[in-house]
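*Asks:* Model the structure of this input:
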Amino acid sequence: MLDLDRLGRISLSARPVGQRVVAWLLLLPNYSMPPGVKITFEGQENLPDEPVVFAMNHTDRYNYWPFMLQHWRQNDRFIATWVKGKYYENPTVGYFMELTNNIPTVSRGYIITKDFLSALGRRPTDDEYRAARDWVNAVARGEALEAPAELPRALLEGARDILGRRFQPPRESYAQAIDGVFRAMMRRFVELNEEAAALGLDLLIFPQGTRSRRLLRGRPGLSQIAMHLDRAVVPVGCSGSDRLYPSSSPVAKPGHVVYRFGEPLRRADAAAWVERGRFEPFTAEAERDFADEFQAYVDDVMARIEPLVDPEYRFAADSEADVQGSDRFV
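*Replies:* Here you go, the predicted structure:
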């Protein structure tokens, strides 16, 4: 399970052996089998020489694999990618993720879902999940609210370890405990992103936060890390990877995937920007004080991604995530 101890043990590499092993033993043999996989980079002239944050649409499980391979072979640059924390729960998969320079993301929803499973032996219902999320978010903003009636008493009253942090009612409420775990995990998450920057790695982020063939509205995590690191964001449109990887299998089908690079969005180009030092990333205070700026920035990034993807991947009125609710964390 991804807990505070596991997050603390993760380290990154400037030239990750794992990425090269996957490239040589899986991707190159797989992609070269007739009729093969073709990878095309368009707009490469938009890629700055210095490390950047790549913002890409997320059509399938593996659409960053061809990108990382081509980026290494063509530009001799390596990437650290944001991935969901659930992939670190299996020890073998988690070790693979670490060797290939991935940074696990967490959310209050992830912590709630995992604690439900640990404390009650089941996932929350949709009503329980929404009630818990709304309550935790409100308490994190400083609102004094009572526990929702939908939540089981055993969840609220039982002392236990929550992902490496001790919950001891009645010293604190369940909502305060969840927020405490989240803050501690996100401080480590920010440290890992700073480590990636110090190593000269490019960062790869899927602003939508979940898989969807059509573009979805972006989430403000991208904004916070780009502003905190003061890095240019390069929008990347990915088209065709979902046909290479139509299922959960890591073996690609033959086909053609195109990655189009947009012009970098730097601090001077951004209509919305919050200077580093004015906020602590991923805290309720930052979300409260600068929510509009964070959302405006990522909205700009998503608008820049849209013309870079083929029409079938662009925004649609009925677009929704392929994975929703607590399903995103299991």
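*Asks:* Name the residues linked to residue 265 by a beta bridge.
*Replies:* residue 233 (DSSP bridges).
*Asks:* any low-confidence regions in this structure?
*Replies:* The chain contains residues with pLDDT under 70 at 319-330.
*Asks:* for it, what spans make up the strands?
*Replies:* Listed in chain order, the strands of the chain (DSSP state E) span 37-42, 53-56, 79-84, 102-105, 160-162, 165-167, 202-205, 233-239, 255-261.
*Asks:* can I get the ones you listed in TSV with mean neighbour count?
*Replies:* Any C-beta I mention is one placed from the backbone N, CA and C, and that applies to glycine too. Supplementary listing: these in TSV, determined by neighbours: other Cβ atoms under 10 Å:
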stretch	mean neighbour count
strand 37-42	16
strand 53-56	24
strand 79-84	22
strand 102-105	24
strand 160-162	15
strand 165-167	17
strand 202-205	24
strand 233-239	25
strand 255-261	20
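*Asks:* Let me know the angle separating the longest helix seen in the chain from strand 79-84.
*Replies:* Among the segments of the chain that qualify as a helix by DSSP state H, the longest is helix 174-198. Interaxial angle, helix 174-198 versus strand 79-84 (axes from the mean of the first three to the mean of the last three Cα atoms, to 10 degrees): 170 degrees.
*Asks:* any idea how far helix 174-198 is from the chain center?
*Replies:* Taking Cα atoms, centre = their mean, to the nearest Å, one finds the center of helix 174-198 at 13 Å from the center of the full chain.
*Asks:* ditto for stretch 132-144
*Replies:* On the basis of Cα atoms, centre = their mean, stretch 132-144 sits 22 Å off its chain's mean C-alpha point.
*Asks:* quick one on the thing from earlier: minimum distance to residue 246: which of the strands of the chain has it?
*Replies:* strand 255-261 (9.9 Å; Cβ to Cβ).
*Asks:* helices or strands up against the closest one?
*Replies:* Counting contacts by 3 or more Cβ pairs under 8 Å, 6 or more residues apart in numbering; DSSP states H and E, strand 255-261 is packed against strand 37-42, helix 65-75, strand 233-239, helix 241-244.
*Asks:* and if we set it to 6 Å?
*Replies:* Contacts defined by 3 or more Cβ pairs under 6 Å, 6 or more residues apart in numbering; DSSP states H and E place strand 255-261 against strand 37-42, strand 233-239, helix 241-244.
*Asks:* Just put the ones you listed in JSON lines and tack on distance to residue 135.
*Replies:* Converted to JSON lines, these look like this (distance: least, Cβ to Cβ, whole Å):
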{"stretch": "strand 37-42", "distance to residue 135": "46"}
{"stretch": "strand 233-239", "distance to residue 135": "33"}
{"stretch": "helix 241-244", "distance to residue 135": "36"}
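*Asks:* And those: which comes nearest residue 211?
*Replies:* Residue 211 sits nearest to helix 241-244 of all the helices and strands packed on strand 255-261, at 9.0 Å, using Cβ to Cβ.
*Asks:* Return the set of buried residues in that closest one.
*Replies:* By neighbour count on 16 or more other Cβ atoms under 10 Å, the buried set for helix 241-244 is 241, 242, 244.
*Asks:* same deal with stretch 152-160?
*Replies:* Along stretch 152-160, these residues count as buried under the neighbour rule (16+ other Cβ under 10 Å): 155, 156.
*Asks:* about what we covered before: nearest to residue 260, of the buried residues of helix 241-244?
*Replies:* residue 241 (12.6 Å).
*Asks:* since we're on the nearest residue to the closest one once chain neighbours are set aside, how many residues are nearby?
*Replies:* Leaving aside its sequence neighbours, residue 241 sits nearest to residue 63 (Cβ to Cβ, 6 or more residues apart in numbering; 3.6 Å). Residue 63 has 22 neighbouring residues, counting by other Cβ atoms under 10 Å.
*Asks:* any idea how far residue 63 lies from residue 226?
*Replies:* Separation of residue 63 from residue 226 (Cβ to Cβ, to the nearest Å): 21 Å.
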